[in-house]
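Participant: Kindly generate the corresponding structure for this input.
(3 chains)
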Amino acid sequence: MAQQLKALKCEDPLPLNQSERLNSALISWFEEFGKNYPWRSTNDPYEILVSEMMLQQTQVSTVLERGYYRKWLERFPDFKALSSAAEEEVLRAWEGLGYYSRARNLHKIAIAVMKDFEGVFPSDLSLIEGLPGIGQYTAGAVASFAFNAAVPAVDANIARVLARLFEFTERIDTSGGQKQLWKWASGLVPQSGARSWNSALMELGQTLCKAKSVQCQECPAVSWCLSENPLELPVKKSRPEITEIQEYVVFAFEGKRVLLEKETGRRRKGMWKLPERAAESLSGLNLLTVQKYGITRYRVTMNVYEAKKESALENEQWFSIEEVENLPMPSPYRRVLQKIIKV
DNA sequence: TAGCCGTGGCT
DNA sequence: TAGCCAAGGCT
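Facilitator: Numbering: from 1, shown residues only, chains lettered A, B, ... in the order given. Have a look, this model is predicted:
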């Protein structure tokens, strides 16, 4: 049967009968083995959008088991509630998930939905894709999951499955590679049942057709799969080299208040952290603790010094312990404060 | 296009 | 263990 798929490597879409048989094999498998995530048992665009934003570059277990999704929906149950929240509270609810622009964009989307769409999330793909923080994947995911629109949604899982299914040996992290994957995905997505189809394909990549391991003998698509060595696919450029850097911050605690600095740049914007200082200015101060963490392509060693008589610089403010608990703070700094003052 | 943006789980 | 990876998007 793999030969039949081979014929359509160049010619898309798949011959109709093959496409339908693959579809029904996948759907049957998904109905039997697919996991019942909370966002799979709702049609609410808001609940689905929240899950999609949280799941960008983030594993399901993190979103689910650490309670982010449930707590978010309790605190911000719909677009209206989210739109009227302060950004600081929105970021605090996102704390620990990383990529904080996702939270700021989700907040902006809620405001746009209330202001520009009369509180109703648009079902039109191009309107969805025009919202901040929503690209081709997330637009396709929300359109198909919430509205069952017959559109593809190629995430890392589906990209891997398709690259193997079609033995695609070119790089997938280029515009050409992406274009090919989306073309295959468009040809395969059924006119009715796109919601289940996209879920099933994703689930396959998540459970059987994983990056580092495969279970082809369990795979419902094995008869169609052209890949001889699935673990060698997909092909991507390797990650940039990790650079070690030092970070020098102060823990200034006076009159039961802590000095914090607000991030204003592109990185972790809107989050509060321990104030950064030049290394030379710290001589003579007591080194309280050292915290190592990674961020993007850096391996950071954070050196925390105990400051005396510190004065607030630009973007710096004093906060009580109670206030600190409600401020959004990147995980490494929260960890340090927890060690020092149990916040 | 390639670099950037966080964090934690997995092997 | 240390690198790899994850329901990506923006610039």
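Participant: got the residues of the stretch 201-343 of chain A near DNA strand B?
Facilitator: Contact residues, the stretch 201-343 of chain A versus DNA strand B (Cβ under 7 Å from any atom of the strand): A:210, A:212-213, A:237, A:240, A:266-268, A:293-297, A:330-332. Quick note: C-beta positions are derived from backbone N, CA and C, even for glycine.
Participant: Run a quick check on residue A:206 versus residue A:157, I expect a contact.
Facilitator: Yes. If you go by Cβ atoms under 8 Å, residue A:206 and residue A:157 touch, sitting 5.4 Å apart.
Participant: wait, what's in contact with the residue of the stretch 201-343 of chain A found nearest DNA strand C?
Facilitator: Relative to DNA strand C, the nearest point of the stretch 201-343 of chain A is residue A:211 (4.0 Å; Cβ to the nearest atom of the strand). Counting by Cβ atoms under 8 Å, 6 or more residues apart in numbering, residue A:211 touches residue A:160.
Participant: if you set the cut-off to 10 Å instead, what comes out?
Facilitator: By Cβ atoms under 10 Å, 6 or more residues apart in numbering, residue A:211 lies in contact with A:156, A:157, A:160, A:205, A:231, A:233, A:234.
Participant: what sits against the first one?
Facilitator: With contact taken as Cβ under 10 Å, 6+ apart, residue A:156 is in contact with A:57, A:137, A:172, A:202, A:205, A:206, A:211, A:234, A:236.
Participant: Determine the number of other residues adjacent to the third one.
Facilitator: Residue A:172 has 22 neighbouring residues, counting by other Cβ atoms under 10 Å.
Participant: Not counting its neighbours along the chain, what's nearest it?
Facilitator: Excluding its sequence neighbours, the residue lying closest to residue A:172 (Cβ to Cβ, 6 or more residues apart in numbering) is residue A:234, at 4.5 Å.
Participant: quick one: least confident of the residues of the stretch 201-343 of chain A next to DNA strand B?
Facilitator: Minimum pLDDT for these is recorded at residue A:240 (85).
Participant: Does it fall in a helix, a strand, or a coil region?
Facilitator: coil (DSSP: H, G, I helix; E, B strand; the rest coil).
Participant: Give the full set of residues in contact with residue A:127.
Facilitator: Going by Cβ under 10 Å, 6+ apart, the list of residues near residue A:127 reads A:116, A:117, A:121, A:134, A:139, A:143.
Participant: List only those of these flagged as buried.
Facilitator: A:121, A:134, A:139, A:143 (16 or more other Cβ atoms under 10 Å).
Participant: Tell me which entries of those lie within strands.
Facilitator: The members of the buried ones among the contacts of residue A:127 all map outside strands under DSSP state E.
Participant: Out of those residues, which sit inside helices?
Facilitator: A:139, A:143 (DSSP state H).
Participant: just the buried ones among the contacts of residue A:127 that are near DNA strand C?
Facilitator: Among those, DNA strand C is touched by A:134, A:139 when using Cβ under 7 Å from any atom of the strand.
Participant: Give me the neighbour count for residue A:309.
Facilitator: Residue A:309: 6 surrounding residues under other Cβ under 10 Å.
Participant: Next: residue A:200.
Facilitator: Applying other Cβ under 10 Å, I find that residue A:200 has 24 neighbouring residues.
Participant: what about it, distance to residue A:33?
Facilitator: 9 Å (Cβ to Cβ, to the nearest Å).
Participant: follow-up on the earlier one: now the buried members of the contacts of residue A:211.
Facilitator: Buried among the contacts of residue A:211 by 16+ other Cβ under 10 Å: A:156, A:157, A:160, A:205, A:233, A:234.
Participant: of those, closest to DNA strand B?
Facilitator: residue A:156 (11.1 Å).
Participant: Need the pLDDT of the closest one.
Facilitator: 94.
Participant: chain center to the top helix by length along chain A: distance?
Facilitator: For chain A, the longest helix by residue count, based on DSSP H, is helix A:16-33. Centroid displacement of helix A:16-33 relative to its chain, using Cα atoms, centre = their mean, to the nearest Å, is 28 Å.
Participant: OK, contacts around residue A:296?
Facilitator: Contacts of residue A:296 by Cβ under 10 Å, 6+ apart are A:98, A:99, A:240, A:242, A:243, A:267.
Participant: Using the three-state scheme, assign the first one.
Facilitator: Read that as residue A:98. coil.
Participant: three-state assignment of the residue nearest to residue A:228 when sequence neighbours are not counted?
Facilitator: Residue nearest to residue A:228 in three dimensions, not counting chain neighbours: residue A:167, with 7.4 Å by Cβ to Cβ, 6+ apart. Secondary structure for residue A:167, judged by three-state DSSP, is coil.
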